[in-house]
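Take a look and give me a structure for this.
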Amino acid sequence: MKSARVLGMVWYRTCCLSSKRLGDELRPLITPNASIIARFLKSYPVQTFLSPPNQCTTGRRWRAMAALSSVQARASTKRLDLVELQPSESIQTKQFHSNDQMSIQAAAPATVPAPTPATRSVPLSHLKDNFLDGTSSNFLEELQRTWEQDPSSVDESWQVFFRNFAGQSQPSSRAFAGPALVGSESIQENMRLLLLIRAYQVNGHMKAQLDPLELDRRAVPQELDLAYNNFGERDLDREFSLGFAQMGGVLAENRPPQSLRSIVQRLEQAYCGTTGYEYMHIPDRDKCNWLRERIEAENPRKFPVEKKAQILDRLMWSSQFENFLAQKWTAAKRFGLEGCETLIPGMKELIDKAADLGVESVVIGMPHRGRLNVLGNVVRKPLRQIFNEFSGGIKPAEVEAGGYTGSGDVKYHLGTSYDRPTTSGKTIHLSLVANPSHLEAVAPVVIGKTRAKQYYSQDTKRLKHMAVLLHGDGSFSGQGVVYETLHLSDLINYSTGGTVHIVVNNQVAFTTDPKYSRSSPYCTDVAKALCAPIIHVNGDDVEAVVHACELAAEWRCKFHADVVVDIVCYRRFGHNEIDEPNFTQPRMYQSLLMVEVNPEILKEVGKKITHLPSTFSPHRAIKKIYEQRLQMIESGQGVDWATAEALAFGTLVAEGNHIRLSGQDVERGTFSHRHAVLHDQKTGERLCPLHHVVQNQAQEMFTVSNSSLSEFGVLGFELGYSMENPNSLVIWEGQFGDFANGAQVIFDQFLSSGEAKWLRQTGLTVLLPHGYDGQGPEHSSARLERFLQVLKL
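Residues are numbered from 1 along each chain as shown. Here you go, the predicted model:
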């Protein structure tokens, strides 16, 4: 290989690729000789190589390449290797502006080292054809002009060289593979391989098998295809030498040559199994390399037999706990963990690893799903006490005879604390903070409690006390307090040295599918604002969950920063045990069991809103509801709330009025009463009968829409919507009436006082459902006194 020729091609291709913004990660890999080239560019800028070839620029290119050749010729006593060009070579440049040439001098000659069989580079003193010295540049200019006029008029080796130099593709049937072709193609192949590796690191999670139900079928990014990167079956057993300074994982230094097959297998195993990683948004190279070393390691989840037995034991405790409660209290609402039982062994591993790394206490905040299991199996609340609460014994027995006991709360809102021994013989204090039904409200409370523990124990390095927050998928993406809490993480007087976030990703928020509850691909995308690594893991792979939690604990203890573990799972029995999930998620629950749903309006209108097409397959319970509604409308007797509401909507639409109903789970209704939107049990197709009240009715004439899990933002949106036209009916419905306080600012500053302050009226209607069905004090009142007081009535 002609070293001058190859070095020129290296820089030319590097310039071209750099112009495509491969980023700081990739650029050092392409130009290990960057220090020499940087000085070279003082005389010959990038434009020399990037501008289109013409008579004005061609000569300058050749002279620049001649200068590079001169570096090699004068360093004839040194060994020059394409991959390991030493930046320590002392090169001095002097530019002659009058004739646009430069001379380059190398350091004083040293003794030529004896060649060794292991080295592929060739001493430049052995090169007899100096190819691009200053005297031959004019000849090369003429040769290129001849090639441009008639490519066949020059030797085939020069044809190949000039095509590469001009950035033209090679003919598919070429037979010649001379020195120029070998040099340029080897560079391009390595660059393509680097791009393939980067594609796995950036987008491998899109190919990962994350959904245990296999309902989320995503298109595999084309960048992960070998053919897209110009590789084929013939290349799989070819070996490539990868290894760069300041890189980790597959690209780390001193790795032996690897076949393309083994490289791809390693990347598939690392990024496309039952765990997907998002970390390439992190701007810190050291953090990325730390993750690469662990993600791209061989067999990162190779647990010894003893460890596997421990994981199985913990999984059995988690599963049997739920089975016992289901058999003992079949009609009780407990928000069980069925479908995500792997959370328990994952949390235990997180705590054990944190204890081994110096953490002495963990403060935990979580929603209601799985709380009883966490209380019993992680925080070790006595099982007798948990079972007693199912029988109504919530108040402590020792104070029932007298003294203040408080009002009490439902069992899945309660907390506790415990000093838990770990498998390594250490003891760690666990605190599970009590919380209301308002999802994510406890998050900043946990962070504050953790910071206080650090203060009182003089834990200024944030090593001894750690916060762990559990989230639902809908609330993590929908609740603004999540974002507010995340942004406390690095503030001087609020930081706790990083929080471990675990998302129990049910793939549905109560009854709202992800595509209706968030705008981002993942519910965890909000955490990217903090440059936190995100680990997506299939909830049915217990070893993968354990490994993800272990990695999260290591990250937090090393970098003192937030990390997210997204456990993709499902709810086996719906939002709670007395819920009917098949009404709204038939396809999901057909894959678990089997079932399905759909909605409504007055005699003429009533017939239309209760009519279901023969081609539509509703859930059998929904079909009966619609038959009963039609009987109510025809007889005029026994009309219930849902039927009356549907008739009211239908008659208003028939009169030409626009109706918009928005809020959390309004399509079905919090109490499973409305059923405005139905779902075909066989196909999952959606049907809204109120879209067919009048002929050629515009679909948005009647709009009913599940909102994201937000009160403040959605109520503000509907308030603004209602201001535009007083002749429309715009309704916001709280999931429960008491959830309205999540949007108190809108009520106080706009609804109650907007007309007095700004002379702006609004016709917004607010629905605040509640009931007396044992869901605790928060769900038993719409707190009407708050609104009466605000309105001074």
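
and stretch 493-506, how far out from the chain's middle?
Centre-to-centre, stretch 493-506 and its host chain are 15 Å apart (C-alpha atoms, centre = their mean, to the nearest Å).

which parts of that stretch are buried?
495-506 (16 or more other C-beta atoms under 10 Å). Every residue, glycine included, has its C-beta placed from N, CA and C.

what does stretch 720-734 give?
Using 16+ other C-beta under 10 Å as the burial criterion, the residues of stretch 720-734 that qualify are 721-723, 729-734.

Closest to residue 489 out of these?
Distance to residue 489 across the buried residues of stretch 720-734 (C-beta to C-beta) is lowest for residue 734, with 30.0 Å.

Report the contact partners of residue 712.
By C-beta atoms under 8 Å, 6 or more residues apart in numbering, the contact list for residue 712 reads 480, 742-743, 745-746.

any idea whether the residue nearest to residue 765 when sequence neighbours are not counted is helix, strand or coil?
Of all residues not flanking residue 765 in the chain, residue 731 sits nearest, at 4.6 Å (C-beta to C-beta, 6 or more residues apart in numbering). Classification of residue 731 using DSSP: H, G, I helix; E, B strand; the rest coil returns strand.

List the contacts of residue 731.
For residue 731, the contact set (C-beta under 8 Å, 6+ apart) comprises 659-663, 718, 764-767.

In terms of distance to residue 512, which of those residues ranks first?
Closest approach to residue 512 among the contacts of residue 731 (C-beta to C-beta): residue 663, at 10.3 Å.

In contact with the residue lying closest to that closest one once chain neighbours are set aside, which residues?
Excluding its sequence neighbours, the residue lying closest to residue 663 (C-beta to C-beta, 6+ apart) is residue 733, at 3.7 Å. Residue 733 is in contact with 661-664, 666, 766-769, counting by C-beta under 8 Å, 6+ apart.

any idea how far residue 580 is from residue 733?
Separation of residue 733 from residue 580 (C-beta to C-beta, to the nearest Å) stands at 20 Å.

before we move on, back to that, for the buried residues of stretch 720-734, which one is nearest residue 622?
Nearest to residue 622 among the buried residues of stretch 720-734: residue 733, at 20.2 Å, using C-beta to C-beta.

mind listing the helices for the stretch 251-400 of the chain?
Secondary structure of the stretch 251-400 of the chain by DSSP state H, counting those that start in this stretch: the helices cover 260-271, 285-295, 305-328, 343-356, 371-377, 383-390.

Check which helices and strands the shortest one sits against.
The reference is to helix 371-377. Using 3 or more C-beta pairs under 8 Å, 6 or more residues apart in numbering; DSSP states H and E, the elements in contact with helix 371-377 are helix 305-328, helix 343-356, helix 383-390, strand 427-432.

which among the contacts of residue 733 gets closest to residue 781?
When the contacts of residue 733 are compared for distance to residue 781 (C-beta to C-beta), residue 768 wins out at 9.2 Å.

nearest spatial neighbour of residue 390, skipping sequence neighbours?
Leaving aside its sequence neighbours, residue 390 sits nearest to residue 329 (C-beta to C-beta, 6+ apart; 5.0 Å).

Flag the shaky bits of the stretch 1-150 of the chain, pLDDT-wise.
1-140 (pLDDT under 70).

for the stretch 201-350 of the chain, same thing?
By pLDDT under 70, the stretch 201-350 of the chain has no low-scoring segment.

Just name the closest of the contacts of residue 731 to residue 700, please.
residue 660 (8.2 Å).

Now for that closest one, which secondary structure element holds it?
Applying DSSP states H and E as the criterion places residue 660 in strand 659-663.

will you turn the buried residues of stretch 720-734 into TSV that also has distance to residue 316 and pLDDT?
Below are the buried residues of stretch 720-734 laid out as TSV (distance: C-beta to C-beta, whole Å; pLDDT from 0 to 100):
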residue	distance to residue 316	pLDDT
721	52	92
722	54	91
723	57	88
729	54	95
730	52	95
731	48	95
732	45	93
733	42	93
734	40	89
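
Between which two of the residues you listed is the distance greatest?
Largest pairwise distance in the buried residues of stretch 720-734, by C-beta to C-beta, is 20.2 Å, between 723 and 734.

contacts for stretch 632-644?
By C-beta under 8 Å, 6+ apart, the surrounding residues in contact with stretch 632-644 are 600, 602-603, 606-607, 610, 629, 647, 669, 673-675.

For the residues you listed, give me JSON lines that also has pLDDT, secondary structure and neighbour count.
Shown next, in JSON lines, are those (pLDDT from 0 to 100; DSSP: H, G, I helix; E, B strand; the rest coil; neighbours: other C-beta atoms under 10 Å):
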{"residue": "600", "pLDDT": "47", "secondary structure": "coil", "neighbour count": "30"}
{"residue": "602", "pLDDT": "68", "secondary structure": "helix", "neighbour count": "18"}
{"residue": "603", "pLDDT": "79", "secondary structure": "helix", "neighbour count": "11"}
{"residue": "606", "pLDDT": "89", "secondary structure": "helix", "neighbour count": "22"}
{"residue": "607", "pLDDT": "89", "secondary structure": "helix", "neighbour count": "13"}
{"residue": "610", "pLDDT": "91", "secondary structure": "coil", "neighbour count": "23"}
{"residue": "629", "pLDDT": "92", "secondary structure": "helix", "neighbour count": "23"}
{"residue": "647", "pLDDT": "90", "secondary structure": "helix", "neighbour count": "21"}
{"residue": "669", "pLDDT": "90", "secondary structure": "coil", "neighbour count": "22"}
{"residue": "673", "pLDDT": "88", "secondary structure": "coil", "neighbour count": "14"}
{"residue": "674", "pLDDT": "93", "secondary structure": "coil", "neighbour count": "22"}
{"residue": "675", "pLDDT": "94", "secondary structure": "coil", "neighbour count": "26"}
